[in-house]
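A.B. asks: Coordinates for the following, if possible.
(one chain, ligands or ions: 2)
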Amino acid sequence: PRIVTTHVLNEMKLRGEKISMLTAYDYSMARIVDQAGIDVILVGDSASNVMAGHKSTLPITLDQMIYHAQSVVRAAKRALVVVDMPFGAYQGNSKEAVSSAIRIMKETGAQAIKMEGGEEIIESMHRILSAGIPVMGHLGLTPQSIHKFGTYVVRAKEEAEAKKLVEDAKLLEKTGCFSIVLEKIPAKLAKEVTDNSKIPMIGIGAGADVDGQVLVLHDMLGITQDFSPRFLRRYHNLFAEISGSVEAYVEDVKEQRFPNEKEQY
Ligand code: KIV
Ligand code: NA
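C.D. replies: Ligands and ions are numbered 1, 2, ... in the order given. Below you'll find the model as predicted:
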């Protein structure tokens, strides 16, 4: 099967072929997702919530993101692997931002990094791009700024914020991002941004008129239970499936049905 590169994603936009993207944080899941034919695997800083149980994405460290990314890269044979720059690894100064991005590229073998924000992080983004590192942008609801927003409600409903988002998308494209994630913004605004850009826009809670879709794997599989925004389609209830298996195992052990005669030496 064809290997996905940033150039392939660009061609997909031009052809009108939608881009599929999911998160993964470990080898076993990434292997399944890659073999099932996903285009892009995001090592998201949502690992902070999903893997580590934190209430936000802020606590996860660069070292922890690198550990997750190394595991995913070992599994991905076909998909493009994009790694989130964690909070604190690029907002401070642009020199630190390039060092963080270089560490991710060098130590993990991933193909790209992702950064949240527009004009306010442009200097860092420019330096990273100058180092030859592909950058995916992320606009709209940017979870690393949750304490500024106060809530996880839909962003850019008001005209001023929508206008800034349109300008930021143009700026990121001009600066050289190969793609942008649009998170939780009105579908109409996402369509406008998508129609006016040459780089692929990947939506999450941004409607159907974008170039691709991304979801958090553990959310779409129904492993996480306490998160059900409107945009989340659950393809399975893995929480219940896994629970059932664990309950059956516990019972088998207690009732001495496991192991049986064939399951021993
Ligand atoms: O960290 C993450 O999972 C993300 C996606 C939701 C886009 O940034
Ligand atoms: Na993220």
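A.B. asks: pLDDT wise, what is the residue in the stretch 1-150 of the chain positioned nearest to ligand 1 at?
C.D. replies: Closest residue of the stretch 1-150 of the chain to ligand 1, C-beta to the nearest ligand atom: Gly44 (2.4 Å). Heads up, the C-betas are built off the backbone N, CA and C, glycines and all. pLDDT for Gly44: 99.
A.B. asks: Equivalent analysis for Phe227, please.
C.D. replies: For Phe227, the pLDDT comes out at 89.
A.B. asks: Doesn't it belong to a helix?
C.D. replies: No - under DSSP: H, G, I helix; E, B strand; the rest coil, Phe227 falls outside any helix and is assigned coil.
A.B. asks: thought it was touching Asp219?
C.D. replies: Yes - under the criterion of C-beta atoms under 8 Å, Phe227 makes contact with Asp219 at 6.0 Å.
A.B. asks: The two: which is more packed in?
C.D. replies: The neighbour comparison of Phe227 against Asp219 (other C-beta atoms under 10 Å) goes to Asp219, with 24 against 12.
A.B. asks: Where does that one fall, secondary structure wise?
C.D. replies: Using DSSP states H and E, Asp219 sits in helix 217-220.
A.B. asks: Other residues contacting that helix?
C.D. replies: Identification of contacts with helix 217-220 by C-beta atoms under 8 Å, 6 or more residues apart in numbering yields 22-24, 29, 33, 50, 224, 227, 232-236.
A.B. asks: sorry, back to before: if we ignore the residues flanking it in sequence, what's nearest the residue of the stretch 1-150 of the chain closest to ligand 1?
C.D. replies: Spatially, and ignoring its direct neighbours in sequence, Gly44 is nearest to Thr23 (4.3 Å; C-beta to C-beta, 6 or more residues apart in numbering).
A.B. asks: who in this protein is up against ligand 2?
C.D. replies: By C-beta under 5 Å from the ion, the residues of the chain that approach ligand 2 are Gly44, Asp45, Asp84.
A.B. asks: rerun at 8 Å
C.D. replies: Counting by C-beta under 8 Å from the ion, the chain comes close to ligand 2 at Leu42, Gly44, Asp45, Ser46, Thr57, Asp84, Lys114, Glu116, His138, Pro143, Gln144, Val181.
A.B. asks: For the residue nearest to Gly44, give me the pLDDT.
C.D. replies: Value for Thr23, per-residue pLDDT: 99.
A.B. asks: Quick check, it in contact with Val40.
C.D. replies: No - using C-beta under 8 Å, Thr23 is not in contact with Val40; the gap is 9.9 Å.
A.B. asks: and for those two, which residues touch both?
C.D. replies: Shared contacts of Thr23 and Val40, defined by C-beta under 8 Å, 6+ apart, comprise Val214.
A.B. asks: Doesn't Leu139 belong to a strand?
C.D. replies: Yes - Leu139 forms part of a strand when assessed by three-state DSSP.
A.B. asks: I'd like the distance between it and ligand 2.
C.D. replies: Using C-beta to the ion, to the nearest Å, Leu139 is found at 12 Å from ligand 2.
A.B. asks: please begin residue numbering at 23 from this point
C.D. replies: Shifting the count to begin at 23 puts that one at Leu161.
A.B. asks: Now do the buried residues in the helix holding Asp241.
C.D. replies: Leu239, His240, Asp241, Met242 (16 or more other C-beta atoms under 10 Å).
A.B. asks: mean confidence score for stretch 220-237?
C.D. replies: 98.
A.B. asks: for Asp217, what are its contacts?
C.D. replies: Asp231.
A.B. asks: Find me the pLDDT at it, would you?
C.D. replies: We have a pLDDT of 98 for Asp217.
A.B. asks: List phi and psi for it.
C.D. replies: With angles defined as degrees, to the nearest 10, Asp217 sits at phi -60, psi -30.
A.B. asks: Do you have the strands of the protein handy? List them.
C.D. replies: Along the chain, counting by DSSP state E, strands occupy 41-45, 62-65, 102-106, 134-136, 157-162, 201-205, 223-226, 234-237.
A.B. asks: May I have the strands that pair with the second one, each with its orientation?
C.D. replies: Counting by DSSP bridges, the strands paired with strand 62-65 are strand 41-45 (parallel), strand 102-106 (parallel).
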